[in-house]
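Asker: Fold the stuff below for me.
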Amino acid sequence: MQKLSDPRENNFNILRLVAASAVIFSHAVDLTTGHHDFLAEKIGYSGGWIAVSAFFSISGMLIYKSIVRSRSVREYMTARSLRIFPGLWVMLILTTLFLGPAISTLSIPEYFTSSQLPEYFFGNAILYLPRYFLPGVFESNSLTAVNGSLWTLRFEFTCYLITLLLFLIGAYRTETTFRIMCAIIVAGYLVYLGLGIMQGTLDQVLYDGSDIAKLHRMFFAFFVGIIVGHYIDQIRPKAWWVVLSGAATWISFGTPLFATALIIFIALAVFWFAFLQQGWLVPFRQMHDYSYGIYIYGFPVQQTVEHFLPGLSSLGNALLSLAITLPFAAASWHFVEKPALGLKARLLTKRGTA
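Answerer: Residues are numbered from 1 along each chain as shown. Model prediction:
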């Protein structure tokens, strides 16, 4: 079996790049037309929704592998924090100190003395008090949010914390405890769906109508990744699994289980492709992981493009925004994210010595 952590032996980098780019193309429709994309109109779930589900499933597998390899809670949390926060904080600094005052309809003094500024920066910096508006910024756009992508990060980090909690209570210790955990999580997931049906709030449950609903579906995608991570060294997803889950998804369309089936189908398709051994995929395995940078910079870049070129089509906005975002994502990886990840060993060594 190939080493899961070695990008030269899997296709996760290209998958994450495609998913991050798909989010930009999906958001372009929202930002330029005020409507959802083609997939959302046809099946109720947008291309961005599908991409985020893929992200969470990939993350679930890799984070599970990370925690079972970690030597301590401190090592695990240090690694997870270094992956999320440095890139996010630098993006927030650039957005609030440079993009905001350049775009804002307010004067420089008015902009920097507005209470919205620290609320936006610190609320997003700690993940759990997200704010989406800066004073006077993008007021002429149909949507005025500065960075509508940031809302998923707190759910991602929450999944990290849930994974840690499950580890601490021994859910991964033996095969028996792992299966009990799986049964409890699946039962809880289905009970929440059932409550939505009985209380008449099914649409809220299925279409992210609350923070609980968002976590419900995102953790399920993450959880599918955990299951794959647990068994991946014994068996890899097969093409016929993808076909079978695709058929189940098609059959369940229009039922309360469609979203569930779609999440499983996305995850199986992603993991089947991730370990596909084809010669044409080898060159892509050498690429750097720019996906996080694309994800966190894409939305404000798209809003800026819409601000200056309001008549641009959705496709035009997506293509131009992606071209502008890539250099920011590359700089974020090479000068912020990768160096931050390199700090883990030094931080742990210093703390251990102390």
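
Asker: Can you report how many residues lie near F178?
Answerer: Applying other C-beta atoms under 10 Å, we find 18 residues neighbouring F178. C-betas here are computed from N, CA, C, even on glycine.

Asker: ignore the last one, T105
Answerer: 12.

Asker: Where does the prediction get shaky in the stretch 251-354 of the chain?
Answerer: In the predicted model of the stretch 251-354 of the chain, residues 349-354 satisfy pLDDT under 70.

Asker: can you give me the helices in it?
Answerer: Taking DSSP state H, counting those that start in this stretch, the helices of the stretch 251-354 of the chain run over residues 258-274, 291-308, 314-332, 338-353.

Asker: ok now the longest helix along the chain, how far from the chain's centre?
Answerer: Identified as the longest helix of the chain according to DSSP state H is helix 175-199. Chain-centre distance of helix 175-199: 23 Å, with C-alpha atoms, centre = their mean, to the nearest Å.

Asker: Which residues does that helix contact?
Answerer: The contact list for helix 175-199 (C-beta atoms under 8 Å, 6 or more residues apart in numbering) reads 166, 170-172, 201-202, 204-206, 212, 216, 220, 223, 227, 230, 256-257, 260.

Asker: Please name every helix or strand in contact with the helix or strand just after that helix.
Answerer: Proceeding N to C from helix 175-199, the next assigned helix or strand is helix 202-206, under DSSP states H and E. Here helix 202-206 touches helix 175-199, helix 211-231, going by 3 or more C-beta pairs under 8 Å, 6 or more residues apart in numbering; DSSP states H and E.

Asker: Can you tell me which of the ones you listed is packed in deepest?
Answerer: When the helices and strands packed on helix 202-206 are scored by mean count of other C-beta atoms under 10 Å, the highest mean neighbour count falls to helix 211-231 (a mean of 21).

Asker: That helix packs against which elements?
Answerer: Secondary-structure packing of helix 211-231 (3+ C-beta pairs under 8 Å, 6+ apart): helix 47-69, helix 151-168, helix 175-199, helix 202-206, helix 258-274.

Asker: So for it, mean pLDDT?
Answerer: Taken as a whole, helix 211-231 carries a mean pLDDT of 97.

Asker: I'd like to check the angle between that helix and helix 258-274, please.
Answerer: Helix 211-231 and helix 258-274 meet at an angle of 40 degrees, taking axes from the mean of the first three to the mean of the last three C-alpha atoms, to 10 degrees as the criterion.

Asker: Other residues contacting helix 211-231?
Answerer: The contact list for helix 211-231 (C-beta under 8 Å, 6+ apart) reads 52-54, 56-65, 151-152, 155-156, 158-159, 162-163, 172, 178, 182, 185, 189, 192, 204-208, 237, 259-260, 263-264, 266-267, 271.
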